[in-house]
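Undergrad: below: sequence and its predicted model.
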Amino acid sequence: MKENNNSKIILAALAGAAIGIAIGYFMNSNKKDEILNDIKEGASKLKDDLSNNLDNLKTTVEDHFKSPTS
């Protein structure tokens, strides 16, 4: 059991190091600005989509619960 836990710890440490190296490489590369712009555009699009969906949901709920006028 102890060897299994040690193996998991070693694999987690190696995975963390690999992720750290990858982040460091991209942040120091010439593509850093391009990557950050892509992330910003994606976040902006997601925000707009969520806002539109929320507006549509509000309209649907309001239409559903409108009291009939006589």
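TA: Perfect, I can see it now.
Undergrad: centre of the chain versus the longest helix seen in the chain, how much separation?
TA: Counting residues, the longest helix found in the chain (DSSP state H) is helix 32-65. Offset of helix 32-65 from its chain centre (C-alpha atoms, centre = their mean, to the nearest Å): 13 Å.
Undergrad: so which elements touch that helix?
TA: With contacts defined as 3 or more C-beta pairs under 8 Å, 6 or more residues apart in numbering; DSSP states H and E, there are no secondary structure elements packing on helix 32-65. C-beta here means a position set from N, CA and C on the backbone, and glycine is covered the same way.
Undergrad: domain-wise, how is the protein divided?
TA: Domain assignment for the chain, taken from automatic domain parsing, gives 1-29, 31-70.
Undergrad: what's the average pLDDT for the last one?
TA: Model confidence over domain 31-70, given as mean pLDDT, is 87.
Undergrad: cool, stretch 9-23 as well?
TA: 92.
Undergrad: put the alpha carbons of that stretch into CSV.
TA: Once non-C-alpha atoms are left out, stretch 9-23 reads as follows in CSV (Å, rounded to 0.1, in the frame of the first residue of the first chain):
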residue,chain,number,x,y,z
ILE,A,9,2.7,11.4,-5.0
ILE,A,10,5.5,11.1,-7.5
LEU,A,11,3.1,11.2,-10.4
ALA,A,12,1.2,14.2,-9.0
ALA,A,13,4.5,16.0,-8.5
LEU,A,14,5.6,15.3,-12.1
ALA,A,15,2.2,16.4,-13.4
GLY,A,16,2.4,19.6,-11.4
ALA,A,17,5.9,20.3,-12.7
ALA,A,18,4.9,19.6,-16.3
ILE,A,19,1.9,22.0,-16.0
GLY,A,20,4.2,24.6,-14.4
ILE,A,21,6.7,24.3,-17.2
ALA,A,22,4.0,24.6,-19.8
ILE,A,23,2.5,27.7,-18.2
